[in-house]
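Colleague: next comes the sequence, and after it the predicted model I'd like to discuss.
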Amino acid sequence: EGKGKRRNPLHDFRKTGELMLIKINKTLEVKTKLLNTTEQCAKRCSRNKGLSFTCKAFAYDRVTKRCHWLSFNSLTNGVRKKQDHAFDLYEKKDYVRNCIIGKGADYKGTISVTKSGIQCQAWNSMIPHEH
């Protein structure tokens with residue numbers, strides 16, 4: 001990254017156009033605010049600034065310029081996808097990708113079984129294998 005060049009905060013998100021997430025589970029949290037750009041929404045989500053929860057995604061209403069920060073994503077139980085032409089959904093890649101990079105210390109995905117169906121060993125366990 002060159003001097004004076006800023007990294008685009010949207011780089012950490014996967015965009016799905018014309019989609020909104022609806023929470024069925026009432027314990028899931030959402031916060032909204034008027035913001036002019038998706039970059040501003042992404043920056044606040046990445047930093048969890050002003051949020052009482054870990055932001056996993058945000059939906060941007062292009063019509064009202066309103067950002068909806070979400071404590072959940074499309075893989076969360078108790079969430080329904082809804083086609084909506086006003087919204088674009090941005091999900092943090094760390095929470096929706098199902099791959100492990102390096103030793104997997106930063107993995108936040110949902111896979112917990114091997115390809116053959118065996119339950120994965122917990123990261124904090126040394127049984128049955130040492131790390």
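Modeller: Now that the structure is in, tell me what you want to look at. Here the structure is a predicted model, which is why all the values come from computation and not from measurement.
Colleague: tell me the spacing between Val113 and Asn36.
Modeller: Distance, Val113 to Asn36, using CB to CB, to the nearest Å: 43 Å. Placement of C-beta: from N, CA and C, glycine included.
Colleague: Lys92 pairs with what?
Modeller: Beta-bridge partners recorded for Lys92 (DSSP bridges): Phe13.
Colleague: oh, that last question was meant for Arg66, not what I typed.
Modeller: The partner list for Arg66 in beta bridges (DSSP bridges) reads Leu34, Asp61.
Colleague: for it, give me its contacts.
Modeller: Counting by CB atoms under 8 Å, 6 or more residues apart in numbering, Arg66 makes contact with Thr32, Lys33, Leu34, Leu35, Tyr60.
Colleague: you'd agree the first one is in a helix?
Modeller: Read it as Thr32. No: using DSSP: H, G, I helix; E, B strand; the rest coil, the secondary structure at Thr32 is strand, not a helix.
Colleague: and the pLDDT at the spatially closest residue to it that is not a sequence neighbour?
Modeller: Once flanking residues are discounted, Thr32 sits nearest to His68: 4.9 Å by CB to CB, 6 or more residues apart in numbering. On the pLDDT scale, His68 is placed at 97.
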